[in-house]
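S.K.: Build me a model:
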Amino acid sequence: MAKAIWNGAILAESDRGEIVEGNYYFPPDSINKDYFKPSTTHTVCSWKGEASYYTIAVDGQENKDAAWYYPAPKERAKNIQNYVAFWKGVKVEK
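M.R.: As a prediction, the model looks like this:
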């Protein structure tokens, strides 16, 4: 079971994730939405498409754009559509 943890909070937990380019992508139904705030940040991957971001908020502290997902990925990345991955100090334990 993989877990994403930041600031002592479990942000996501699942054994149904996908690993892409070394990142563990959590299914959308496995994230604790209480900690996620939509961000206006977007980036583009040449083969996955446009990524959207979340800012993580736990106990009054924010980690800007610490999670990302692909709401409408290109065909080759359809398996991670809306799955969420983390960085910026979020620890993913497997």
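S.K.: And for this structure, the residue most distant from the center?
M.R.: Distance from the C-alpha centroid of the chain, by C-alpha atoms, centre = their mean, peaks at Gly60 (19.8 Å).
S.K.: now that one: how far from Cys45?
M.R.: Gly60 sits 32 Å away from Cys45, going by C-beta to C-beta, to the nearest Å. The way it works is simple: take the backbone N, C-alpha and C, and place the C-beta from them, glycine included.
S.K.: And Ile56, its phi and psi?
M.R.: Torsion angles at Ile56 (phi, psi; degrees, to the nearest 10) stand at phi -90, psi 130.
S.K.: ok, now which ones touch Ile80?
M.R.: Contacts for Ile80 (C-beta atoms under 8 Å, 6 or more residues apart in numbering) come out as 18, 20, 25, 48, 69-70, 73.
S.K.: Provide the secondary structure category for Ala77.
M.R.: At Ala77 the chain is in helix, as set by DSSP: H, G, I helix; E, B strand; the rest coil.
S.K.: Who are the contact partners of the residue nearest to it when sequence neighbours are not counted?
M.R.: The shortest distance from Ala77 to any non-neighbouring residue, by C-beta to C-beta, 6 or more residues apart in numbering, is to Lys48 (4.1 Å). Counting by C-beta under 8 Å, 6+ apart, Lys48 touches 20, 70, 73-74, 76-77, 80.
S.K.: Go again with 10 Å.
M.R.: 20-21, 70, 73-74, 76-78, 80-81 (C-beta atoms under 10 Å, 6 or more residues apart in numbering).
S.K.: tell me the SS of Asp34?
M.R.: Asp34 ends up helix, using three-state DSSP.
S.K.: Kindly report the same for Asp65.
M.R.: Asp65 ends up strand, using three-state DSSP.
S.K.: any idea how far Arg16 is from the closest residue to it other than its chain neighbours?
M.R.: Once flanking residues are discounted, Asp65 sits nearest to Tyr53: 4.2 Å by C-beta to C-beta, 6+ apart. According to C-beta to C-beta, Tyr53 and Arg16 sit 22 Å apart.
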